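A.B. asks: below are the sequence and a predicted model; questions follow.
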Amino acid sequence: QLQLVESGGGLVQPGGSLILSCVASGSTLDYYSIGWFRQAPGKEREGVVCISASGHSTFYADPVKGRFTISRDKAKNTVYLQMNSLKPEDTAVYSCAAIGPFRQCVSTEREYPYWGQGTQVTVSS
């Protein structure tokens, strides 16, 4: 059974950076597309970015384009989310999710059967 654990969240000032990690256990991530979602207080969860199993395709939500970068390290069975130029509106609980095996990224969160517990990101001065 695939299990995901996020880490790397915290408190950062506007304009700062964070790197989130999504570490998998129980199975290799090689055949799964991985998405990052976030949920701010009082708001619905939204998709942020997704990377295909091959790593060749990535999809970014408009609010994070040019600021966030997703990558995967197959040797470490880990997916990273590099977040730069953070804004207060990026404050949320960030969760990684896996879809597969052998499925492409989709925007519908209910299609993802595997989820981590989430990590809090707070952007504030």
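C.D. replies: Perfect, thanks for sending it. Residues are numbered from 1 along each chain as shown.
A.B. asks: immediately after the helix or strand of the chain with the lowest mean pLDDT, which helix or strand?
C.D. replies: When each helix and strand of the chain is scored by mean pLDDT, DSSP states H and E, strand 58-60 comes last, with a mean of 93. Per DSSP states H and E, strand 58-60 leads on to strand 68-73 as the next helix or strand towards the C-terminus.
A.B. asks: so what's the most centrally placed residue in the chain up against?
C.D. replies: Central residue of the chain (CA atoms, centre = their mean): W36, 2.4 Å from the mean position. Counting by CB atoms under 8 Å, 6 or more residues apart in numbering, W36 makes contact with 20, 22, 47-50, 70, 79, 81, 94-97. C-beta coordinates here come from the backbone N, C-alpha and C atoms, glycine included.
A.B. asks: ignoring the adjacent residues along the chain, who's closest to it?
C.D. replies: V48 (4.5 Å; CB to CB, 6 or more residues apart in numbering).
A.B. asks: which helix or strand contains the one you found?
C.D. replies: Going by DSSP H and E, V48 is in strand 46-51.
A.B. asks: need phi/psi at the residue nearest to the centre of the chain.
C.D. replies: phi -110, psi 130 (degrees, to the nearest 10).
A.B. asks: picking that back up, pull out the buried positions in the strand holding V48.
C.D. replies: G47, V48, V49, C50, I51 (16 or more other CB atoms under 10 Å).
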